[in-house]
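> fold the following, please.
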Amino acid sequence: MSSPPRREVVRRLAETLIIAAAGGAALGIPGFPAGWLSGAIIAVTVAALMRRPVLVPDWLAHICIITVGISLGGAVTPETLSRMATWPASLVALSLAMVAVTVAVATYLHYWHGWDPLAALFAAAPGALAQSLALAAGSGTDIRSVAMVQAVRILVLTVGLPIGFAAFGVSGVAPVRGTPASLASLSSLMELGLLVAAAIALAALFYRLRIPGGLIVGAMTASGILHGIGLIRVSLPQAPAIASFVVLGAIIGVRFAGADVWLLRRLAVVGIGALAVGMAVAGIFAVATATLLSLRIADVVIAYAPGGLEAMTILAFALNLDPVYVGVHQTARFIVISLLVPVAVHTLRRRKRLPKPSTPTEPSDDAKP
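As a prediction, this is how the structure comes out:
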């Protein structure tokens, strides 16, 4: 299928950004936690479900992800580096938590909703959407249902967690970041240029090496190192960070473009139930880990949340939590799940003697449109 003309792409992009900006401003200006991100997600999701031709090109998504990565790295301080001594135990607990979450959610989908074991596994894998869809396509399971349940989970997490944190009065304190670059200061502009160049270079390298979340992890790593050793003292101005939140909210909302509304209505209940089971299990591990290691509970909850790497890390930043802690743990979670899911698929096929169907099969009961 041929790509749309450039004029059409520009028109669709402009409409999407206007919708995202309006939604972000509606929650961001009043000071709602992570309002610019959550508002953009809600507005673009609604537009997508109303069949508006929303669109965010890959090149713009990449720019925004790198921009956010630079901002995330600006939160690194010498104190951050000293706190890393407590992280290995937290990472071990995270690995156990992700195994428990995957098993619990897959069991829920299989026994409560009657899903095929493989489809349940792919939908249960926390924050591994691309890999789950690739494996689902090769196994003949219903890709649409897996994709929608995964998308609903990310949508509800990125919008629901800020609401939950606000309801319980849980919030972080805005960290002391570098001074925003000033056009009147040549040294600040030079530091900013070095910061951006290093972030782009490492992001491109990580992306090329297929490191999970390569763009955001690479940019955050470069920015974190430069800020951590004191070579860079400036940070990005607030305006680019807010703009990136808006665009990234649009990216999440665009995932619902072309969705079957009737199928989504059925799967929304399934997805929310699966999320509740996953968050309950992850929450138990998070509270226990935070208590035993004297970590901030809000940081650990976001780090253990079964969402997307970029979404959860950016959400931590928007909520004034520790994006470095969350980013490291979300990256580790992605690696654990990437190793776990193929092994689980192989084990299921051997134990159940599941064939590799040549045509897709759909989950039963609630998962069917």
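> in the chain, which spans are strands?
Here the chain has its strands, by DSSP state E, at 179-180, 234-235.
> confidence-wise, which of those strands is weakest overall?
Lowest mean pLDDT within the strands of the chain: strand 179-180, a mean of 54.
> for this protein, what are the low-confidence residue spans?
Across the chain, the ranges flagged by pLDDT under 70 are 1-3, 78, 81, 127-140, 166-185, 212, 352-369.
> and the top helix by length along it, what's buried?
In the chain, ranked by residue count with DSSP state H as the criterion, the top helix is helix 261-293. Within helix 261-293, the residues that count as buried by 16 or more other CB atoms under 10 Å are 263-264, 266-268, 270-275, 277-279, 281-283, 285-286, 289-290. C-beta here means a position set from N, CA and C on the backbone, and glycine is covered the same way.
> packing partners for it?
Packing partners of helix 261-293 (3 or more CB pairs under 8 Å, 6 or more residues apart in numbering; DSSP states H and E): helix 87-112, helix 117-124, helix 143-167, helix 297-304.
> what helices and strands are in contact with the longest one?
In this structure, helix 87-112 makes packing contacts with helix 117-124, helix 261-293, helix 297-304, helix 323-352, judged by 3+ CB pairs under 8 Å, 6+ apart.
> show me how far it is from its chain's centre.
Distance, stretch centre to chain centre, for helix 87-112: 17 Å (CA atoms, centre = their mean, to the nearest Å).
> which of the residues in it are buried?
For helix 87-112, burial by neighbour count (16+ other CB under 10 Å) applies to 87, 90-91, 93-95, 97-98, 101-102, 104-106, 108-110.
> now swap in the third one and tell me
The neighbour-count check on helix 143-167 (16+ other CB under 10 Å) flags 143-159, 161-162, 165-166 as buried.
> again with stretch 16-27
By neighbour count with 16+ other CB under 10 Å, stretch 16-27 contains the buried residues 16-17, 19-21, 23-27.
> just stretch 193-202 next, same as before
Quick answer for stretch 193-202 (16+ other CB under 10 Å): 195-196, 198-200, 202.
> and the residues you listed, which of them are in helices?
195-196, 198-200, 202.
> distance to Pro33 for those - can I get that in JSON lines?
Formatted as JSON lines, these follow (distance: CB to CB, whole Å):
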{"residue": "Leu195", "distance to Pro33": "27"}
{"residue": "Val196", "distance to Pro33": "28"}
{"residue": "Ala198", "distance to Pro33": "31"}
{"residue": "Ala199", "distance to Pro33": "26"}
{"residue": "Ile200", "distance to Pro33": "30"}
{"residue": "Leu202", "distance to Pro33": "30"}
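> quick check, nearest of the residues you listed to Ala311?
When those are ranked by distance to Ala311 (CB to CB), Ala199 comes first, at 19.6 Å.
> quick one: closest of the helices and strands packed on helix 261-293 to Met50.
Of all these, helix 143-167 sits nearest to Met50, with 15.6 Å by CB to CB.
> output the contacting helices and strands for that closest one.
Packed against helix 143-167 by the contact rule (3+ CB pairs under 8 Å, 6+ apart) you find helix 35-49, helix 117-124, helix 129-139, helix 238-254, helix 261-293, helix 297-304, helix 309-318.
> could I get these as JSON lines with distance to Asp58?
JSON lines is the format used below for these (distance: least, CB to CB, whole Å):
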{"stretch": "helix 35-49", "distance to Asp58": "16"}
{"stretch": "helix 117-124", "distance to Asp58": "24"}
{"stretch": "helix 129-139", "distance to Asp58": "14"}
{"stretch": "helix 238-254", "distance to Asp58": "10"}
{"stretch": "helix 261-293", "distance to Asp58": "24"}
{"stretch": "helix 297-304", "distance to Asp58": "26"}
{"stretch": "helix 309-318", "distance to Asp58": "14"}
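> of all those helices, which one comes closest to Ile63?
helix 238-254 (8.3 Å).
> so which elements touch that closest one?
By 3+ CB pairs under 8 Å, 6+ apart, helix 238-254 packs against helix 6-28, helix 35-49, helix 58-73, helix 143-167, helix 309-318.
> could you dump those helices into TSV and include distance to Thr80?
Listed next are the helices and strands packed on helix 238-254 as TSV, based on distance: least, CB to CB, whole Å:
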stretch	distance to Thr80
helix 6-28	26
helix 35-49	22
helix 58-73	10
helix 143-167	21
helix 309-318	13
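> the ones you listed: which one's closest to Arg349?
helix 143-167 (17.0 Å).
> between that closest one and helix 6-28, how many degrees?
Using axes from the mean of the first three to the mean of the last three CA atoms, to 10 degrees, the inter-axis angle of helix 143-167 relative to helix 6-28 is 30 degrees.
> returning to that earlier point: quick one: closest of the helices and strands packed on helix 238-254 to Ile229.
Closest to Ile229 of the helices and strands packed on helix 238-254, according to CB to CB: helix 58-73, at 11.7 Å.
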